[in-house]
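Give me a 3D structure for the following:
(2 chains)
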Amino acid sequence: MKDFLLVYRTDISKAPKASPEEMQANTKRWMDWIGAIAAQNKLADRGNRLFPSGQVLKAENVIADGPYTEIKESIVGYSIVKADSYEEATELSKGCPILKSGGNVEIREISAM
Amino acid sequence: MNETELIPHLFRTEYRKIVSVLCKLFGIAHIEVAEDIVSDSFLLASELWGLKGLPENPTAWLYTVAKNKTRDYLKRNALFAGIISKELRYSAQSSGEIDIDLSVKNIQDSELAMIFVVCHPCNPPEAQIGLALNILCGFSVDEIARAFLTDKEAIYKRLQRARKKLRTENIRIEQPGLSDLNSRLPTVLMTLYLLYNEGYYSAGQEMAIRRDLCYEAMRLGSLLLANDETNTPAVNALLALMCFQSSRFDARHDSDGQTILYPDQDTTLWDQELIRKGEYLLHEASRGDHISKYHLEAGIAYWHTGKEDRPEKWEGILQLYNQLLLIEYSPMAALNRTYALAKANGKSEAIAEAEKINLTGNHLYHSLLGELYTGIDNTKALSHWKQALLGAKSLPDKIQISNRILAFETAACDQA
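Purely as a prediction, here's the structure:
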């Protein structure tokens, strides 16, 4: 088994304001999805969500506000799953709630140091 | 109680108390001396009480005899002068007369200290459970062997090894200091949790012994609760879990000892007092900001104390299982989560997930799929029930599954 990092990205500016009920339903979708991976014993690290704002430090002490803005989508969270292959890791990523809201999952094999 | 009932009863309740106090006095290396003294006291009781009738206060009588025997032993035994006396000097008064303190307070302190010795991580979990039953609960090798469905020889060897380990590691009999407590308490809780589950879930044993295992786990847990430093949220949560589970003891089996599954149980037999106690403990457990797996399992057990199938019940159970699996994977949690998923989100989603959890070697996995496919694809359901039957080990499980298969075949005959 290898570890794969799942990076969740979405365009936050396009996300509609959610009602408390919608937020609750969204939490349930995430928990059911990650719980299903854990039930297969393929979750290495549940990971975390990220706040929408942030800073980017570049060379020469150049500090930019906000997440990396060159691309529209910003990282909203990450998890680490266990899988034998990219195919399997990709299969696990299907059903990720981020896909329903127009986002995407980037799947990267971790090269352990 | 007459004397033939009273002595076994007192053996259960008092043996371990006196042994704990004497052990704390002598050091764990001399536990056999402590056990011999207490056994001798009981032997004397069984001889004298039969002839002369019961003393006015049998427990006090036993304490006095044990004290006298201890003093005699210490006086005449050369070992005392050489080894034990050095250790005793730290704790005993300088007057020379050794104080054998069998007060309620010292018994509790000694038993608590012994819990930490018995659940010391120098021994593997199964050995810790064996030691706990043997030393803390006064179970004989024979009884432990029956509880674990193992032969006496294996248990005897396991206990000897574990006792030797405690001796060679020279584990001190004391409640760990606050800094150690946080690292030692989880092992203790795990042992009590396993001890309880051994009684609650392992099938095919005598019912009386199984209940005793559960009650002993609860009693030891209560000792932790009675002490301020060990009365942590996780301990409260674990005890709450045990109370909720134990509330169904009378409803889980019929008079022939056959298992009655949760949906078929008579709820009037559920012990409401234990449920209320569990609720109180779960409330106490909500102090602090750490959620242990015992919190989550107690939460799941709490939902089960109400039988009606409300949507929020199964949604609540599903989310608790999700969280539980994020903390720690176990095949049982994965199977139960999938069952809750069927109840909360519907069977088709649950079947899709069940096919992925890959526990084909587990007969409960086939039982789950048999259950999920029932009414959706009865051919597949029947085939899974049959596989479950092949894998089932205990008789109650086999009967339970055979009944399901029989129901299918009867239904098929009716249609034909």
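
which SS state does residue B:255 fall under?
With DSSP: H, G, I helix; E, B strand; the rest coil as the basis, residue B:255 sits in coil.

roughly how far apart are it and residue B:212?
Here the criterion is CB to CB, to the nearest Å. By it, residue B:255 lies 20 Å from residue B:212. For every residue, glycine as well, the C-beta is placed using N, CA and C.

Repeat that for residue A:86.
53 Å.

Could you do residue A:45 as well?
Residue A:45 sits 41 Å away from residue B:212, taking CB to CB as the criterion.

of the two, who's got more company?
Neighbour count, other CB atoms under 10 Å in any protein chain shown: between residue A:45 and residue B:212, residue B:212 has more, with 18 against 13.

which stretch of helix or strand covers that one?
Using DSSP states H and E, residue B:212 sits within helix B:207-225.

how far does the helix or strand just after that helix sit from the chain's center?
Per DSSP H and E, the first helix or strand lying C-terminal to helix B:207-225 is helix B:233-246. Computed by CA atoms, centre = their mean, to the nearest Å, the chain-centroid distance of helix B:233-246 equals 11 Å.

Could you check the helix or strand just after helix B:233-246 and say which residues are buried?
Downstream of helix B:233-246, the next assigned helix or strand under DSSP H and E is helix B:272-285. Neighbour counts over helix B:272-285 (16 or more other CB atoms under 10 Å in any protein chain shown) mark B:274, B:275, B:277, B:278, B:279, B:281, B:282, B:284, B:285 as buried.

contact partners of the lowest-mean-pLDDT helix or strand in chain A?
The helix or strand of chain A with the poorest confidence is strand A:62-65; it has a mean of 81 (mean pLDDT, DSSP states H and E). Here strand A:62-65 makes contact (CB atoms under 8 Å, 6 or more residues apart in numbering or on different chains) with A:53, A:55, A:56, A:57, A:58.

likewise stretch A:82-98?
A:1-4, A:6, A:8-10, A:26, A:29-30, A:33, A:36-37, A:40-44, A:76, A:81, A:104-105, A:107, A:109.

Looking at those residues, which are in strands?
A:2-4, A:6, A:8-10, A:43-44, A:76, A:81, A:104-105, A:107, A:109 (DSSP state E).

Is it possible to mark the buried ones in those?
A:2-4, A:6, A:8-10, A:43-44, A:76, A:81, A:105, A:107.

which residues does residue B:238 contact?
Neighbours of residue B:238 in contact, by CB under 8 Å, 6+ apart: B:189, B:192, B:193, B:221, B:294, B:298.

so can I have JSON lines of these showing secondary structure?
Below are these laid out as JSON lines (three-state DSSP):
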{"residue": "B:189", "secondary structure": "helix"}
{"residue": "B:192", "secondary structure": "helix"}
{"residue": "B:193", "secondary structure": "helix"}
{"residue": "B:221", "secondary structure": "helix"}
{"residue": "B:294", "secondary structure": "helix"}
{"residue": "B:298", "secondary structure": "helix"}
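
Check the residues you listed and tell me the two furthest apart.
The distance between the two most remote of those (CB to CB) is 13.5 Å, for B:192 and B:298.

and residue B:262, how many neighbours does it have?
Residue B:262: 10 neighbours (other CB under 10 Å).

Isn't it up against residue B:305?
No. Counting by CB atoms under 8 Å, residue B:305 is not a contact partner of residue B:262; they are 11.1 Å apart.

Could you show which parts of chain B are in contact with chain A?
B:315, B:318-319, B:321-323, B:325-326, B:329, B:333-334, B:337-338, B:341, B:345, B:353, B:356-358 (CB under 8 Å from any CB of the partner chain).
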